[in-house]
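Q: I'll drop the sequence and a predicted model, then ask my questions.
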Amino acid sequence: MKIAVIQGPNLNMLGVREQHIYGAMTLEQVHNNLDAAAKQNGVELEFFQSNLEGEIVDRIQECLGTVDAIMINPAAYSHTSIAIKDALSAVNMPVVEVHISNIYRREEFRQKSITASSSAGIISGFGTFGYHLGLISLIQIVNEVKAINEARAKEENK
């Protein structure tokens, strides 16, 4: 199983920016911890971070046929980007959206996620541990999809 982990704008500043909201871990530390958990579960992760909306859209499109699922923290783009929402819908694969902070306890403009409607679910407010919850969620979702597809194939071959 292969999962793309896509990080949006300013997440490269983790550990530096607003530690009272986002914590003290750097993005590299988050990725190293997540990669260790993934390897324990036989999952390969591909990491990508960009501050540019178009690069994020391009990376999502590149996932088609190359990964089984996407974990994304669109960061501020979750509140503004129809382009990212549309790209997630277009690739038609399991997606889990992760937010380090609880977006529903923040400013009103942060409480709506445009990209959420293209995701199986959102994990919000658990700090960087939310990425581990996202990983567990995607492993479960991908395994369920695989089981359903195998059952369908078995029925078609009867």
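A: Yes, it's here. Numbering: from 1, shown residues only.

Q: show me what secondary structure element comes after the helix or strand of the chain with the lowest mean pLDDT.
A: The helix or strand of the chain with the poorest confidence is helix 19-22; it has a mean of 78 (mean pLDDT, DSSP states H and E). Using DSSP states H and E, the helix or strand that follows helix 19-22 in sequence is helix 27-40.

Q: and that next one, which residues are buried?
A: For helix 27-40, a neighbour-count test (16 or more other C-beta atoms under 10 Å) marks 27, 30-31, 34-35, 38 as buried. Placement of C-beta: from N, CA and C, glycine included.

Q: which one of those residues is nearest Glu55?
A: Each of the buried residues of helix 27-40 was scored against Glu55 by C-beta to C-beta, and Leu27 proved nearest at 15.7 Å.

Q: where does the residue most central in space within the chain sit, in terms of helix or strand?
A: Nearest to the geometric centre of the chain sits Met71, at 1.8 Å (C-alpha atoms, centre = their mean). Per DSSP H and E, Met71 falls inside strand 69-73.

Q: how about that strand as CSV, C-alpha atoms only?
A: What follows is strand 69-73, C-alpha atoms only, in CSV (Å, rounded to 0.1, in the frame of the first residue of the first chain):
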residue,chain,number,x,y,z
ALA,A,69,-4.8,7.0,-1.1
ILE,A,70,-4.0,10.6,-0.2
MET,A,71,-3.6,12.2,3.2
ILE,A,72,-3.7,16.0,2.8
ASN,A,73,-3.3,19.0,5.0
